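# Predicted structure and sequence below. I'll ask about it afterward.
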Amino acid sequence: MLIGQDRRPRTTPSAGAVRRFGILGLVAGACVAMAALIPGGAQAAPSGSSTAQAANVELGAAAGVAPTLATVLAELKVSAATPLVDAPAAAGSRTSTVGLGASAATLAAVSTGAVSATSTRTTSGTSATSSVAGAHVTLLDTNVLSTGVITSSATCTAGATPTAAAQALGVTVGGRTLNATVGASAAVAVKLTGLTDASVEVTVASPHSVTATTATATGLQVTLALRGKLAGLTDVDIPLGSVALATSTCVTPAAGTVTTAPTLTGLTPTAGPTRGGQTIHLTGTGFTPGTTVAVDGTAATDVQVASPTSLTAVTPAHAAGPVQVTVTTTAGTSGPLDYTYVPPAITGIDPAQGPTAGGQVVTISGSGFEPSSTVTIGGAPATAVSVNAAGTAITATTPAGTAGPADVVVSATGTPTATLADGYTYLAPTGTSIRPAQGPTSGGQVVTISGSGFGPGSTVTIGGAPATGVSVNAAGTAITATTPAGPAGPADVVVSDTGSPTVTLAGGYTYVPPAISGIDPAQGPTAGGQVVTISGSGFGPGSTVTIGGAPATAVSVNAAGTAITATTPA
């Protein structure tokens with residue numbers, strides 16, 4: 001299946017276009033046929049215009065969703081379109097048959113069957129036709145929307161009233177037929193961790209209009225929204241964008257008339273970071289190639305006109321506060337829509353406590369974080385600071401600190417400072433127990449020391465001798481280690497870490513000399529080969545067994561050092 005390019009018709013993709021669409025790439029050599037047919041030799045074509053487009057997809061969850069859903073919803077994103085085909089300057093036609101193809105590596109995908117988008121100019125006017133043989137939209141591994149044939153046409157003949165027509169056949173939502181009239185809707189259940197009763201609602205919003213000089217028709221346009229209950233309690237309604245299939249428009253301005261300025265009807269998201277760099281989606285009318293976008297008078301970048309009613313742009317940097325967004329074409333400037341720049345803010349840190357020795361990796365959640373952000377905890381700089389592309393999360397490694405609550409501060413040059421007061425708590429190391437609490441004098445037993453505030457660099461001694469294989473869990477609440485050899489009797493267990501108090505479990509571990517209390521069974525064949533269990537205490541993991549002076553085989557010692565299984569010799 002051919003893959004969609006979302007901008008002007010051409011046969012080879014740019015590197016920028018490939019980066020923009022990720023999951024919906026570009027195919028070189030896609031079929032875009034252009035023919036200039038000038039009847040009657042040198043007759044001039046009329047001044048009107050026409051545009052056709054088979055598909056335009058803008059799916060993506062709105063900003064500000066619950067953090068527990070943000071990771072998954074970030075993958076529910078498709079931004080692609082088939083070529084926007086304009087009528088040639090001279091009499092003739094342009095046609096594109098480039099379709100959209102889906103990718104199995106994403107949680108959102110759109111595909112089409114055969115498509116055709118044609119714009120024509122003649123000596124008497126302009127016209128556009130568009131058709132899609134069938135389309136499929138998949139979200140969260142669920143087929144949300146399927147269609148049959150979708151068509152539209154628009155004709156603008158000089159001196160006559162423009163006309164528009166559209167038809168949508170075989171529209172189904174989750175396999176159930178949907179009447180393709182404006183306002184009709186249906187929902188299909190989906191599965192999303194953290195959201196109960198989750199469903200995607202599909203609503204028809206197919207625009208058709210005719211004026212004295214223009215006509216426009218979309219065969220099928222739907223909006224999508226994710227609904228359910230967060231944690232089974234809070235209702236959520238998250239807009240997911242729109243899918244437009246088979247759009248045709250035409251314009252035949254009379255000589256001397258003034259072309260209508262563009263209008264703005266929608267802007268998402270409506271807030272973003274002061275650092276800029278956020279992609280915004282604008283809807284309205286009158287968008288043409290070369291349209292510019294201004295945010296409080298400053299030009300946005302990477303403006304991409306997907307259709308006469310849809311475009312995207314990237315916000316510039318700006319101080320925190322409300323601003324106005326406008327679009328400008330050769331016909332004029334639109335009225336404004338409101339957008340708000342938000343300063344960096346911290347909403348949480350996970351984990352929220354850790355050892356006074358530092359060295360714990362934490363994730364700071366929030367918004368508006370700059371790529372150059374620095375972090376301090378309790379006034380000391382964190383290390384290995386990394387900010388995600390969306391500016392909503394920072395990972396960092398905690399510095400050493402004193403026991404008690406500490407402020408978490410995120411700073412960056414040129415932006416306000418974000419503070420989470422007492423957001424992180426340093427825990428002084430404490431030890432509560434060691435299991436097993438006794439073992440062989442030969443050492444080699446794996447033990448677990450329980451407590452809190454253990455730093456990742458902790459060391460352990462038992463009876464003054466260093467334990468080996470020391471490992472601290474991520475929460476700093478448990479240490480596993482292998483005991484050294486030691487004399488029989490109780491021994492102190494000591495946990496140490498640079499910059500932290502020492503933890504001592506006085507007499508916490510007891511070395512037990514090896515002792516045999518019994519063997520079961522106590523008799524067997526002279527040929528040997530019998531499995532026996534030797535009971536006792538203080539058996540080391542390297543213990544060997546002889547019976548009647550001959551070595552037993554398959555010797556195995558339990559973790560507590562209280563039982564040995566072995567196979568008797570002859």
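It's in. Keep in mind the model is a prediction, meaning the values are calculated, not measured.
# quick one: low-confidence parts of the protein?
1-47, 62-66, 102-106, 253-260 (pLDDT under 70).
# Which parts of it are helices?
With helices called from DSSP state H, the chain shows them at 15-21, 67-73.
# So which residues of the stretch 201-350 of the chain form strands?
Taking DSSP state E, counting those that start in this stretch, the strands of the stretch 201-350 of the chain run over residues 208-210, 214-230, 234-251, 263-268, 271-273, 279-285, 292-295, 298-299, 301-307, 310-314, 321-329, 332-333, 337-342, 345-350.
# Go through the ones you listed and name the closest to Ser543.
Ser543 lies closest to strand 345-350 among those, at 45.0 Å (CB to CB). C-beta coordinates here come from the backbone N, C-alpha and C atoms, glycine included.
# what helices or strands is that closest one leaning on?
Counting by 3 or more CB pairs under 8 Å, 6 or more residues apart in numbering; DSSP states H and E, the packing neighbours recorded for strand 345-350 are strand 361-367, strand 404-411, strand 418-427.
# Nearest to Gly175, out of those strands?
Ranking the helices and strands packed on strand 345-350 by proximity to Gly175 (CB to CB) places strand 361-367 first, at 38.2 Å.
# Please save the CA atoms from the closest one in PDB.
C-alpha atoms of strand 361-367 as PDB (Å, rounded to 0.1, in the frame of the first residue of the first chain):
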ATOM      1  CA  VAL A 361      17.800   7.600  40.900                       C
ATOM      2  CA  VAL A 362      14.600   9.600  41.100                       C
ATOM      3  CA  THR A 363      12.000  10.800  38.500                       C
ATOM      4  CA  ILE A 364      10.700  14.400  38.900                       C
ATOM      5  CA  SER A 365       7.300  14.900  37.200                       C
ATOM      6  CA  GLY A 366       5.800  18.200  36.100                       C
ATOM      7  CA  SER A 367       5.700  20.600  33.100                       C
END
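# Show me what counts as buried in that strand.
Residues of strand 361-367 classed as buried by neighbour count (16 or more other CB atoms under 10 Å): Val362, Ile364, Ser365, Gly366, Ser367.
# Please report the distance of the third one from Pro371.
Separation of Ser365 from Pro371 (CB to CB, to the nearest Å) stands at 17 Å.
# number of nearby residues for the residue nearest to Ala506 when sequence neighbours are not counted?
Spatial nearest neighbour of Ala506, excluding adjacent residues (CB to CB, 6 or more residues apart in numbering): Asp492 at 5.5 Å. Neighbourhood size, Asp492 [other CB atoms under 10 Å]: 14.
# Kindly report the same for Ile449.
Each residue near Ile449 was counted by other CB under 10 Å, and the total is 27.
# so it makes contact with Ser433?
Yes - if you go by CB atoms under 8 Å, Ile449 and Ser433 touch, sitting 7.5 Å apart.
# Give the residues shared as contacts by those two.
Shared contacts of Ile449 and Ser433 (CB atoms under 8 Å, 6 or more residues apart in numbering): Leu505.
# my read: the residue nearest to Ala506 touches Thr510, true?
No - checked against CB under 8 Å, the pair Asp492 and Thr510 is beyond contact range at 11.1 Å.
# And the spatially closest residue to Leu224 that is not a sequence neighbour, how far from Thr329?
In space, and not counting its chain neighbours, Leu224 is closest to Leu240: 4.1 Å by CB to CB, 6+ apart. For Leu240, the distance to Thr329 equals 28 Å [CB to CB].
# can you check Ala215 too?
According to CB to CB, Ala215 stands 19 Å off from Thr329.
# which of these two has more neighbours?
Using other CB under 10 Å as the criterion, Ala215 and Thr329 rank with Ala215 on top: 26 against 19.
# List the contacts of that one.
The contact partners of Ala215, taken as CB under 8 Å, 6+ apart, are Ala154, Thr155, Cys156, Pro162, Thr163, Ala164, Ser209, Ser248, Thr249, Cys250.
# Over to Gly536?
By CB under 8 Å, 6+ apart, Gly536 lies in contact with Pro514, Ala515, Ile516, Ser517, Gly518, Thr562, Ala563, Ile564.
# Which two of these have the greatest separation?
Spatial extent of the contacts of Gly536 (CB to CB) is set by the pair Pro514 and Gly518 at 13.9 Å.
# Compare these two and say which one has the larger neighbour count.
Neighbour count, other CB under 10 Å: between Pro514 and Gly518, Pro514 has more, with 16 against 9.
# doesn't Ala488 make contact with the more buried one?
No - in this structure, Pro514 is not within contact of Ala488 by CB under 8 Å, at 9.7 Å.
# list the residues that contact both of those two?
Joint contacts of Pro514 and Ala488 (CB under 8 Å, 6+ apart) are Thr441, Gly538.
# Contacts only, for the spatially most central residue of the chain.
By CA atoms, centre = their mean, the chain has its centre lying nearest to Ala74, at 3.2 Å. In this structure, Ala74 makes contact with Ala61, Ala390, judged by CB under 8 Å, 6+ apart.
# cool, Leu420 as well?
Ile346, Gly348, Ile349, Ile364, Asp407, Val408, Val409.
# That one and Leu282, how far apart?
Distance from Leu420 to Leu282, by CB to CB: 34 Å.
# Ok, Ser79 next?
The gap separating Ser79 from Leu282 is 13 Å, by CB to CB.
# Give me the more crowded residue out of the two.
Neighbour tally, Ser79 and Leu282, criterion other CB under 10 Å: the higher count belongs to Leu282, 27 against 21.
# And that one, how close does it get to Leu220?
Separation of Leu282 from Leu220 (CB to CB) stands at 22 Å.
# Same check on Asp407?
Asp407 sits 54 Å away from Leu220, going by CB to CB.
# Could you check which of the two is surrounded by more residues?
Between Asp407 and Leu220, counted using other CB under 10 Å, the more crowded position is Leu220 (26 against 14).
# what are the bridge partners for the more buried one, then?
Leu245 (DSSP bridges).
# contacting residues for it?
Thr147, Ile150, Ala166, Ala168, Val171, Ala180, Val204, Ser206, Val243, Ala244, Leu245, Ala246.
# thinking the first one is in contact with Leu245, fair?
Yes - using CB under 8 Å, Thr147 and Leu245 qualify as a contacting pair, with a distance of 6.8 Å.
# Between those two, which contacts overlap?
With CB under 8 Å, 6+ apart as the test, Thr147 and Leu245 both reach Val132, Ala135, Ala168, Leu220.
# which one of the residues you listed sits closest to Ala522?
Closest approach between the shared contacts of Thr147 and Leu245 and Ala522, by CB to CB: Ala135, at 80.1 Å.
# now stretch 479-495: how far from the chain's centre is it?
47 Å (CA atoms, centre = their mean, to the nearest Å).
# and the nearest residue to Val303 once chain neighbours are set aside, how many residues sit next to it?
Closest residue to Val303 apart from its sequence neighbours, by CB to CB, 6+ apart: Ala313 at 4.6 Å. Neighbourhood size, Ala313 [other CB under 10 Å]: 24.
# Next: Ala474.
Considering only other CB under 10 Å, Ala474 is surrounded by 11 other residues.
# What separation do you get for it and Gly489?
Counting by CB to CB - Ala474 and Gly489 are separated by 35 Å.
# Tell me which residues of stretch 419-429 come out buried.
For stretch 419-429, the neighbour count (16+ other CB under 10 Å) marks Thr419, Leu420, Gly423, Tyr424, Thr425, Tyr426, Leu427, Pro429 as buried.
# Take those and lay them out in a markdown table including distance to Phe539.
Output for these, formatted as a markdown table (distance: CB to CB, whole Å):
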| residue | distance to Phe539 |
| --- | --- |
| Thr419 | 57 |
| Leu420 | 52 |
| Gly423 | 49 |
| Tyr424 | 45 |
| Thr425 | 43 |
| Tyr426 | 41 |
| Leu427 | 37 |
| Pro429 | 32 |
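# which of those are the two that sit furthest away from each other?
So, those by CB to CB: farthest apart are Thr419 and Pro429, at 27.3 Å.
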